[in-house]
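Peer 1: sharing a sequence plus its predicted fold:
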Amino acid sequence: MKIMFYDTKPYDKIWFQPMGEQMGFKIKFQEVKLNEDTAVLARGYDAVCIFVNDDARKEAIQVLSEVGVKTILLRCSGFNNVDLKTAQNLGIQVLRVPSYSPEAVAEYTMGLLLTVNRQIHRAYIRTKDFNFNINGLMGIDLVGKTAGVIGTGKIGQMMIDILKGFKMRILAYDPYPIDGLGVEYADLDRLFQESDVISLHCPLTKDTKHIINKQSIRKMKDGVILVNTSRGALIHTPDLIEALMERKFAGVGLDVYEEEDEYFFEDKSNDIITDEDLIRLTSFRNVVLTSHQAFFTRDAMEAIARVTLENARAVDAGEELKNLVMP
Ligand code: NAI
């Protein structure tokens with residue numbers, strides 16, 4: 001099988017290159033992202049391998065089909081960037097990595113929560129400048145406080161385990177509750193009203209888009225902490241910014257951003273940033289924004305490469321595809 005990789009960085013090759021060679025795949029790594037203009041580069045390839053910010057909407061998939069691509073291998077779990085219906089209609093199979101390291105994402109989420117609560121990001125900068133004053137860096141104890149977890153899938157469950165270690169009371173919301181998690185499920189309204197900390201772990205769907213908006217923020221406690229390591233569009237950013245200006249949040253930790261595809265994973269430090277919401281978000285002292293790196297551990301990267309290439313092997317061998325994504 002010949003596989004064209006899009007949106008690759010040096011760290012993608014560390015595992016994919018040797019594993020791919022060992023399994024007999026012919027791989028080409030492209031730095032450009034997939035979109036309707038770059039899809040043509042896959043001419044002569046059987047499959048494309050894409051990541052979270054590649055654009056596999058209708059137009060791009062139509063071009064992929066025209067140039068003979070039969071398989072889209074997602075090297076991630078989310079698939080909100082793929083038009084599954086068009087892919088199905090054109091006979092293109094879409095496979096993903098449903099789980100690689102929920103631990104990596106949950107551990108990072110806790111890191112973001114601790115950072116914004118205890119303002120470690122500000123303390124780091126202060127002491128670098130020999131400013132040893134701790135004025136304004138006060139946080140809260142997490143023990144005994146209420147954490148609201150939205151989405152109790154693999155990452156949400158791991159996050160719940162971590163929060164339990166901090167002896168927090170946990171309220172959870174998921175349309176498909178799971179027995180035996182040892183948490184109290186509540187409706188979203190109650191979760192918003194009672195939580196001191198809210199962490200998002202649901203996928204981006206039409207039901208969850210902008211789940212954090214002016215109305216839901218209004219229901220939250222003053223001084224709440226919000227953490228999002230799931231998908232940027234779960235939050236309506238202008239509403240978040242407005243609430244930040246009204247001092248609603250004690251802290252906000254974001255690893256994802258609705259308009260991230262133009263910026264995240266790239267060095268834009270020599271450019272003029274024109275996205276005003278992004279500029280505004282990074283200007284708040286109580287917001288920590290990182291570049292979609294919650295997954296980024298050696299263990300997770302190795303697992304992603306292994307499962308992605310195993311998906312490719314199963315396609316090649318005509319086996320049953322357990323990681324197929326259907327519309
Ligand atoms: P999962 O599929 O195991 O769990 C998702 C959970 O969300 C399920 O329990 C599902 O029932 C629930 N859900 C569905 N609709 C919902 C709704 N309307 N409200 C509340 N919950 C709802 O997925 P997993 O592995 O836990 O991943 C969660 C999300 O994390 C992914 O969809 C992805 O967007 C994000 N992610 C982010 C990464 C990062 O590096 N920042 C890395 C990996 C995943």
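Peer 2: Yep, it's here.
Peer 1: center of this protein, which residue is that?
Peer 2: In the chain, the residue lying closest to the centroid (C-alpha atoms, centre = their mean) is residue 230, at 4.1 Å.
Peer 1: residue contacts, the residue lying closest to residue 242 once chain neighbours are set aside?
Peer 2: Closest residue to residue 242 apart from its sequence neighbours, by C-beta to C-beta, 6 or more residues apart in numbering: residue 214 at 7.2 Å. C-betas here are computed from N, CA, C, even on glycine. Going by C-beta atoms under 8 Å, 6 or more residues apart in numbering, residue 214 touches 236, 239, 242-243.
Peer 1: is the residue in the stretch 1-150 of the chain that the ligand sits nearest to in a helix, a strand, or coil?
Peer 2: In the stretch 1-150 of the chain, the residue that lies nearest the ligand is residue 78 (3.9 Å; C-beta to the nearest ligand atom). Using DSSP: H, G, I helix; E, B strand; the rest coil, the structure places residue 78 in coil.
Peer 1: next, it: phi, psi?
Peer 2: Main-chain torsions, residue 78, degrees, to the nearest 10: phi -70, psi 150.
Peer 1: now do the phi/psi pair for residue 309.
Peer 2: Per-residue torsions, residue 309: phi -70, psi -30 (degrees, to the nearest 10).
Peer 1: please name the residues that touch it.
Peer 2: Neighbours of residue 309 in contact, by C-beta under 8 Å, 6+ apart: 16, 19-20, 23, 25.
Peer 1: same check, this time on residue 40
Peer 2: Here residue 40 is in contact with 63, 67 (criterion: C-beta under 8 Å, 6+ apart).
Peer 1: looking at the contacts of residue 214, which are in helices?
Peer 2: If you go by DSSP state H, those have 239, 242-243 in helices.
Peer 1: so which of the residues you listed is the most crowded?
Peer 2: Within the ones in helices among the contacts of residue 214, residue 243 tops the neighbour count with 20 neighbours, counted by other C-beta atoms under 10 Å.
Peer 1: tell me the pLDDT at that residue?
Peer 2: Per-residue pLDDT puts residue 243 at 98.
Peer 1: ditto for residue 78
Peer 2: Reported pLDDT for residue 78: 89.
Peer 1: any idea how many residues pack against it?
Peer 2: By other C-beta under 10 Å, 16 other residues sit near residue 78.
Peer 1: how about residue 129?
Peer 2: 7.
Peer 1: what pLDDT does it get?
Peer 2: 98.
Peer 1: quick revisit: would you list the phi and psi of the residue nearest to the centre of the chain?
Peer 2: Dihedral angles (degrees, to the nearest 10) for residue 230: phi -100, psi -80.
Peer 1: do you know how far the closest residue to the ligand within the stretch 101-250 of the chain is from residue 198?
Peer 2: Proximity of the stretch 101-250 of the chain to the ligand (C-beta to the nearest ligand atom) peaks at residue 153, 1.6 Å away. Computed as C-beta to C-beta, to the nearest Å, the residue 153 to residue 198 distance reads 16 Å.
Peer 1: among these two, which residue is more densely surrounded?
Peer 2: Here residue 153 and residue 198 are set side by side on neighbour count (other C-beta under 10 Å), and the busier one is residue 198, at 27 against 18.
Peer 1: surely the more buried one touches residue 146?
Peer 2: No - applying C-beta atoms under 8 Å as the test, residue 198 and residue 146 come out as separate, 9.5 Å apart.
Peer 1: that concludes my questions; thank you for your assistance.
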